[in-house]
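Asker: One predicted model, sequence on top.
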Amino acid sequence: MRLATSGEAALPNSTTAAAAERMFAAAAGTGVTLTLASGYRTYATQTKTYNGYVSSRGQAEADTASARPGHSEHQTGWSFDVGDGGGACSFQPCFAEQPAAVWARNNAHFGLEAAPAYL
């Protein structure tokens, strides 16, 4: 799995990491590069992340971009953000139209009946 981060953010739990590896391989098989942009976050890191959004965008917009501390799946290790390795649109609205985001939106479904084989 390609990492675009280091430290605690590169440490999803083992179940999440295994699913991510399969998902990233499936994307690579279609010519799309996915990177792990952010995985596990401690409460302190989530507080810093959320407060950074509040400082730069205000609380209403921060609540659309980041979970409040204590409410993020990142704190459990069960969640991760993807990137494309290029970084030009990382964590920005323009990422939504990048190949990695389009692939993830179309293929990374969760649910018992619709879950792809790599989950």
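Answerer: Nice, thanks for sending it over.
Asker: for the residue nearest to the spatial centre of the chain, phi and psi?
Answerer: Nearest to the mean C-alpha position of the chain, counting by CA atoms, centre = their mean, stands D81 at 0.7 Å. Dihedral pair for D81: phi -100, psi 140, per degrees, to the nearest 10.
Asker: same question, L36
Answerer: Dihedral pair for L36: phi -80, psi 110, per degrees, to the nearest 10.
Asker: and what of S72?
Answerer: Backbone geometry at S72, expressed as degrees, to the nearest 10, gives phi -100, psi 130.
Asker: what's the spacing between it and S79?
Answerer: 7 Å (CB to CB, to the nearest Å). The C-beta positions use only the backbone N, C-alpha and C, and glycine is treated the same way.
Asker: quick one on the thing from earlier: in contact with the residue nearest to the centre of the chain, which residues?
Answerer: For D81, the contact set (CB atoms under 8 Å, 6 or more residues apart in numbering) comprises L36, A37, S38, G39, F91.
Asker: Please name the nearest non-neighbouring residue to R68.
Answerer: Y50 (5.7 Å; CB to CB, 6 or more residues apart in numbering).
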